[in-house]
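Colleague: I need the structure of the sequence given here:
(chains A and B)
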Amino acid sequence: MAQMNMKEAIRDAMRVELKNDPNVYIFGEDVGKVGGVFRATEGLQGEFGEDRVFDTPLAESAIAGMAVGMGLQGFRPVAEIQFVGFIYEAMDQMFIQAARMRYRSGGRYNSPIVFRTPFGGGVKAAELHTDSLEGLALQTPGIKVIVPSNPYDAKGLLVAAIRDNDPVFFMEHLNLYHAFRQDVPEEAYTVEIGKANVVREGSDVTIIAYGLMVHTAVKAAEELEKSGVKAEVIDLRTLLPLDIETIVKSIQKTNRAIVVQEAQKTSGAAAEIIAQINEHAILHLEAPVLRVAGPDTVYPFAQIEDAWLPNPARIIKAVNQVLNF
Amino acid sequence: MSKLPYEVQTEPVTPLSILNPDGEIVDEALMPELSDEQLKEIMYRMVFTRTWDERAVNLGRQGRLGFYAPVSGQEASMIGSEYALNKDDFICPGYRDMPQIVWHGLPLYQAFLYSRGHQHGGQIPEDVHVLMPQIIIGAQILHATGVAMAFKKKGEKRVAITYTGDGGSSEGDFYEGMNFAGAFKLPVIYVVQNNGYAITTPYAKQTAALSVAHKAVAAGITGVQVDGMDVLAVIKAVRDAAERGRNGEGATLIEMLTYRFRPHSMADDTTKYRTKDEEGEWSLKDPITRFAKFLEKKGLWTDEDTARVKEEAKATVNEHIKKAEQTEKMTVNGLIDSMFEHTPAHLEAQKADFQ
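Modeller: Sure thing, here's the model as predicted:
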């Protein structure tokens, strides 16, 4: 067991899988010698050589498309898209080509690829470096979407993603890379894709979140406890497949829920989660399920980020609304 | 403005040509090595494909096929380029390139099933190294680049080949793929079948480059131009490119100058954007007529042979379209199960609506 932050845990997941499976290849812009702009792949080229871990020319569509071609030949590419805003350049290859390979080949081929990308606000990065674009992936059949919230999960989920025979969009929140350390086993282990985690038990309201928002939700829950409100917090870990079972189980207990996402409010992951709650648990609800989210504007990098992002105060306000409905 | 002294200089390219429209060899030294049997086989495949194409257009009109992109006129570039490959080379086709993957081993009835939107169409047999036609223009160029990267990593002496049209050479993926192939020195062949039109937009409005082949210069790979109505020139160019790829000499862009005698798809009207004169000029270069003249002079082919192959092709097409029509329809539940290796619970639940 070692103490790792999330970035180190992600790097360790790639390290153990490069070691375990000769078909795993890591590539992207600047991932080689320097180890990526966030150093998530630091040291991997030194340990495994330029054949297994390599820099590519600056072209996101080609990075993703080359991964599709290599996947066809039995490799398990882990392709890094340097910043989330650059996925637009690669969307055809990620969300159309990779995601429908199994369908269009009648099961003959698949896309055992992980597309890793950093995302997430609150770090004062440049424009289009931090947006929450998971909703784009969620509208695309055939690709799994994972957003870890802590080092242990990040390593276990990434190992599971690399071993998965379907394409995975793996989103790493920038604000979590160095946020805290946790005990992480040094050997390979997996965290099941599609299984949520109840990070805090409660009986009055369920707060559903993922990524950095799990921590914001926990802060809100701690505040709420001071006024006697016991909030249960669910970390989804995986947005697709979504663990609706854990959500429903919690709502059966609390009868109230809110969903927190960093992304803009309309038509995102939260909207989908609420739709599924309606399908599966409407008779257990004492109040409508509310969303705490960014407003439907472009993401305002740097200056007013902190005001724009969901915070504990907004979560507490929403909780009080559902409690007093 | 005159040329700048510090300007990058390029020269016009002369297309490779071996067989003139009268069926005479213009340069013996360039003639690819082919036995009489092989020459007859190539002719057989071209006549077969022309007949299949004619039948497919009719089947499309009858509603027995779905999307179909006619190929008549492009037989030399399609059949010749596939013929120049080894069986274990990998083909990433564009939307019009069904003949190459069928001659590479995809059963014809599966091509028809694909056209009819049946998943089994794309269920490529294990020993056939192809993808199904790509609809997004240029996306396949990157897949071929990745396949070539895999061949290089595995140390296999195989090449990947991919096809697009002159319109495809304007796509970002075209540049990204060639640039990757240049940077990584990959065994890949990028074929641009320049048939003069991207649906209806003429080549002159597509690019101001001296030729499509010149675009290889920017990527640092080899670029060549070929008379795409001359099957021998096509075979020579693709064999050379494949050999270079296998020898670790990297990628080649081949521009094939060709022409589609029919519309882009079943829906557009060629009279709106082409002239009779232009069509007449290109028909004189018909790859089948030209090659037939060459073979006739060698005593290898007669009109009777053409008639025989046409009959055989018609019978084969009939047999395979029937097989496609008799194949059990795919189901929504089957479709749902093809999205992931293991169907997740939410998709499993969605099946209930389609029981």
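Colleague: where do the strands of the chain begin and end?
Modeller: Since no chain was named, I'll use chain A. A:2-4, A:24-28, A:53-55, A:76-80, A:114-119, A:144-146, A:168-173, A:182-184, A:197-200, A:205-209, A:231-235, A:238-240, A:257-264, A:290-294 (DSSP state E).
Colleague: correction: the question concerned chain B.
Modeller: Using DSSP E, strands in chain B cover B:90-92, B:160-165, B:188-194, B:197-198, B:201-202, B:222-227, B:252-257.
Colleague: direction included, what does the second one pair against?
Modeller: When pairing is defined by DSSP bridges, strand B:160-165 lines up against strand B:90-92 (parallel), strand B:188-194 (parallel).
Colleague: so which of these comes closest to B:Glu33?
Modeller: Among those, strand B:188-194 comes nearest to B:Glu33, with 19.1 Å by Cβ to Cβ. Using the backbone N, CA and C atoms, a C-beta is placed for each residue, glycine as well.
Colleague: can you list the strands of chain A in TSV and add mean neighbour count and mean pLDDT?
Modeller: Listed next are the strands of chain A as TSV, based on neighbours: other Cβ atoms under 10 Å in any protein chain shown; pLDDT from 0 to 100:
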stretch	mean neighbour count	mean pLDDT
strand A:2-4	15	97
strand A:24-28	24	98
strand A:53-55	20	98
strand A:76-80	27	98
strand A:114-119	26	98
strand A:144-146	25	98
strand A:168-173	26	98
strand A:182-184	17	97
strand A:197-200	17	98
strand A:205-209	29	98
strand A:231-235	26	98
strand A:238-240	25	98
strand A:257-264	26	98
strand A:290-294	22	98
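Colleague: one step back: deepest in the core, which of the strands paired with strand B:160-165 is it.
Modeller: strand B:188-194 (a mean of 30; mean count of other Cβ atoms under 10 Å in any protein chain shown).
Colleague: just the C-alphas of that one, formatted as CSV.
Modeller: Only the C-alpha atoms of strand B:188-194 are listed here, as CSV (Å, rounded to 0.1, in the frame of the first residue of the first chain):
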residue,chain,number,x,y,z
VAL,B,188,0.2,2.4,-45.5
ILE,B,189,-1.1,3.2,-48.9
TYR,B,190,-3.5,6.1,-49.3
VAL,B,191,-5.4,5.8,-52.6
VAL,B,192,-7.3,8.8,-53.8
GLN,B,193,-9.6,7.8,-56.7
ASN,B,194,-9.9,11.2,-58.3
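Colleague: residue numbers of the stretch 151-300 of chain B in contact with chain A?
Modeller: B:151, B:153-154, B:160, B:172-173, B:176-177, B:179-180, B:183 (Cβ under 8 Å from any Cβ of the partner chain).
Colleague: if we go to 7 Å?
Modeller: Residues of the stretch 151-300 of chain B lying near chain A by Cβ under 7 Å from any Cβ of the partner chain: B:153, B:172-173, B:176-177, B:179-180, B:183.
Colleague: what's the most distant pair in those residues?
Modeller: Spanning the widest gap among those are B:Lys153 and B:Gly172, at 24.9 Å by Cβ to Cβ.
Colleague: so what pLDDT did residue 83 get?
Modeller: If you meant another chain, say so; for now it's chain A. If you check A:Phe83, the pLDDT there is 96.
Colleague: let me rephrase: I mean chain B.
Modeller: Looking at B:Tyr83, the pLDDT reads 98.
Colleague: which residues touch B:Val238?
Modeller: By Cβ atoms under 7 Å, 6 or more residues apart in numbering or on different chains, the residues touching B:Val238 are B:80-81, B:84, B:189, B:254.
Colleague: with adjacent residues omitted, what lies nearest to whichever residue of chain A sits closest to chain B?
Modeller: Nearest residue of chain A to chain B: A:Gly69, at 1.9 Å (Cβ to the nearest Cβ). In this structure, A:Gly69 finds its nearest non-sequential neighbour in B:Gly146, 1.9 Å apart by Cβ to Cβ, 6 or more residues apart in numbering or on different chains.
Colleague: tell me how far the one you found lies from A:Tyr109.
Modeller: For B:Gly146, the distance to A:Tyr109 equals 12 Å [Cβ to Cβ, to the nearest Å].
Colleague: doesn't A:Asp30 make contact with A:Gln45?
Modeller: No - between A:Gln45 and A:Asp30 there is no contact under Cβ atoms under 7 Å: 10.8 Å.
Colleague: neighbour-wise, which of those two wins?
Modeller: Counted by other Cβ atoms under 10 Å in any protein chain shown, A:Gln45 and A:Asp30 do not tie: A:Gln45 has more neighbours, with 20 against 16.
Colleague: and that one, what's its pLDDT?
Modeller: In this prediction, A:Gln45 carries a pLDDT score of 98.
Colleague: what's the distance between it and A:Tyr25?
Modeller: Distance, A:Gln45 to A:Tyr25, by Cβ to Cβ: 11 Å.
Colleague: mind listing what residue 207 touches?
Modeller: Let's take chain A. By Cβ under 7 Å, 6+ apart, the neighbours of A:Ile207 are A:217, A:220-221, A:231-233, A:258, A:260, A:315.
Colleague: that answer is for a different chain, and I need it for chain B
Modeller: B:169-170.
Colleague: spell out which parts of the stretch 101-250 of chain A neighbour chain B.
Modeller: Proximity of the stretch 101-250 of chain A to chain B (Cβ under 7 Å from any Cβ) is limited to residues A:102-108, A:110, A:141-142, A:165-166, A:194, A:241-242, A:244.
Colleague: just flag the most distant two among those.
Modeller: Greatest spacing in those, by Cβ to Cβ: A:Arg108 and A:Ile244 (31.2 Å).
Colleague: what number of residues lie near the closest residue to chain A within chain B?
Modeller: Nearest residue of chain B to chain A: B:Gly146, at 1.9 Å (Cβ to the nearest Cβ). Number of residues near B:Gly146 (other Cβ under 10 Å) recorded here: 31.
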